[in-house]
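Student: whatever this is, show me its structure:
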Amino acid sequence: MPSLIDLRRRIRSVKNTQQITKAMKMVAAAKLRRAQERVTAARPYSEIYANMLADVAGAAASAGAEVSHPLLATREEKRILIVLVTSDRGLAGAFNSNLTKAAQVFIQEHPKAEFQVEAIGRKGRDFFFRREMKLSGEHVGIVDKARFADAAAIARKVTALYADEAVDAVYLIYNEFKSVMTQKLTLTQLLPVAVTGSEEPKDYIYEQSPVQLLGTLLPKYVETGIYRAMLESAASEHAARMTAMDSASTNAADVIEGLTLHLNRVRQASITKEIIEIVSGAAALG
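Tutor: Numbers count the residues shown, from 1 in each chain. Here you go, the predicted structure:
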């Protein structure tokens with residue numbers, strides 16, 4: 001049975017841990033507020049951009065022009081690149097493990113394909129580095145800040161690999177932010193770009209031909225997709241960490257309550273034992 005000193009030490013240790021988890025929850029909540037504002041602002045732009053791309057593709061098709069672009073070329077998926085967006089830090093529940101598991105499942109579903117990973121975030125990089133997966137690139141310390149310049153640089157590298165036929169398909173895996181309690185695991189095909197003409201295209205006046213304009217918009221579409229994934233991932237990470245730290249604080253409170261109850265029982269048993277010894281000694285002297 002642990003002594004009173006051991007129990008007090010354990011209670012003090014759990015209380016210190018609880019203070020840390022509460023502080024981390026508050027920090028995550030503050031960061032989540034800013035990250036959520038950025039995601040909310042970026043979503044309409046991304047959706048409007050996709051609609052505009054569909055309108056331009058529809059205009060090009062209606063004009064009878066042949067739409068040909070390296071980012072639209074479809075090939076047999078023999079070499080696949082996965083752009084995996086994870087976090088740089090842990091203590092976020094199953095946030096990172098769900099992403100790496102999804103990537104592993106996707107790889108297992110394509111046993112004949114050759115894979116490489118463009119790792120955005122330290123956790124994804126470390127996971128596949130330990131498993132000797134080929135990494136086409138690694139980007140650490142950029143998800144939390146989520147700058148468009150970083151996303152554009154990654155997009156240019158990815159589109160160059162696809163245009164040069166070094167890879168036959170590019171897939172993006174990230175967590176989409178839904179709410180504080182919910183993050184949706186998302187796997188989407190980034191390249192080739194799936195462009196379908198809009199059913200009701202807007203009547204734009206084009207200074208360039210729609211085909212030329214489509215060639216300009218396609219690389220920007222890839223950049224926007226990666227940038228939005230980074231923003232969604234940053235917000236999802238802070239939400240997952242806030243939820244995990246809240247659960248940890250609650251569990252710490254339960255542990256402290258149980259240890260305190262056990263401490264009181266041990267102390268009461270010690271006092272009772274001392275009283276019995278005193279009474280027994282007095283009775284022996286009498």
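Student: domain ranges for the chain?
Tutor: 4-26+243-285, 31-242 (automatic domain parsing).
Student: number of residues surrounding residue 176?
Tutor: A count of nearby residues for residue 176, using other CB atoms under 10 Å, gives 17. Placement of C-beta: from N, CA and C, glycine included.
Student: likewise for residue 229?
Tutor: For residue 229, the neighbour count with other CB under 10 Å is 27.
Student: same check, this time on the one 3 residues further on
Tutor: Other residues within reach of residue 232, judged by other CB under 10 Å, total 26.
Student: which residues sit in contact with it?
Tutor: 39, 174-177, 186 (CB atoms under 8 Å, 6 or more residues apart in numbering).
Student: hmm, try it at 7 Å
Tutor: 39, 174-177 (CB atoms under 7 Å, 6 or more residues apart in numbering).
Student: before we move on, back to that, so of the domains of the chain, which one's packed in deepest?
Tutor: Of all these, domain 31-242 has the most neighbours on average by mean count of other CB atoms under 10 Å, namely a mean of 18.
Student: hmm, back to that, and the contacts of residue 232 as a markdown table, adding distance to residue 15?
Tutor: Formatted as a markdown table, the contacts of residue 232 follow (distance: CB to CB, whole Å):
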| residue | distance to residue 15 |
| --- | --- |
| 39 | 36 |
| 174 | 37 |
| 175 | 32 |
| 176 | 37 |
| 177 | 33 |
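Student: quick revisit: CSV please, covering the domains of the chain and showing mean pLDDT.
Tutor: Below are these laid out as CSV (pLDDT from 0 to 100):
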stretch, mean pLDDT
domain 4-26+243-285, 86
domain 31-242, 87
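Student: now do the helices in the stretch 51-200 of the chain.
Tutor: In the stretch 51-200 of the chain, the segments counted as helices under DSSP state H, counting those that start in this stretch are 95-108, 122-130, 148-163.
Student: how about those helices in JSON lines, adding distance to residue 218?
Tutor: JSON lines is the format used below for these (distance: least, CB to CB, whole Å):
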{"stretch": "helix 95-108", "distance to residue 218": "24"}
{"stretch": "helix 122-130", "distance to residue 218": "26"}
{"stretch": "helix 148-163", "distance to residue 218": "8"}
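Student: so which of those gets nearest residue 240?
Tutor: Among these, the nearest to residue 240 by CB to CB is helix 95-108 (4.0 Å).
Student: what is the closest one packed up against?
Tutor: Judged by 3 or more CB pairs under 7 Å, 6 or more residues apart in numbering; DSSP states H and E, helix 95-108 is in contact with strand 79-85, helix 122-130, strand 169-177, strand 183-191, helix 210-285.
Student: could you give the angle of that helix to strand 79-85?
Tutor: Angle of helix 95-108 versus strand 79-85, following axes from the mean of the first three to the mean of the last three CA atoms, to 10 degrees, is 170 degrees.
Student: how far does helix 95-108 sit from its chain's centre?
Tutor: Relative to its chain's centre, helix 95-108 lies at 11 Å (CA atoms, centre = their mean, to the nearest Å).
Student: the helices of the stretch 51-200 of the chain: which one's closest to residue 241?
Tutor: For the helices of the stretch 51-200 of the chain, proximity to residue 241 was assessed by CB to CB; helix 95-108 is nearest, at 7.5 Å.
Student: what pairs with residue 82 across the strands?
Tutor: When bridges are called by DSSP bridges, residue 82 pairs up with residue 117, residue 171.
Student: test my guess that it contacts residue 103.
Tutor: Yes. Counting by CB atoms under 7 Å, residue 82 does reach residue 103; the two are 5.8 Å apart.
Student: any common contacting residues for the two?
Tutor: Residues touching both residue 82 and residue 103 (CB under 7 Å, 6+ apart) are residue 173.
Student: ok, back up a step: now for the helices of the stretch 51-200 of the chain, which one comes closest to residue 268?
Tutor: Nearest of the helices of the stretch 51-200 of the chain to residue 268, taken as CB to CB: helix 95-108 at 43.9 Å.
Student: which residues touch that closest one?
Tutor: With CB under 7 Å, 6+ apart as the contact definition, helix 95-108 has outside contacts at 82, 84, 86-87, 90, 115, 123-124, 127, 173, 175, 185, 187, 236-237, 240.
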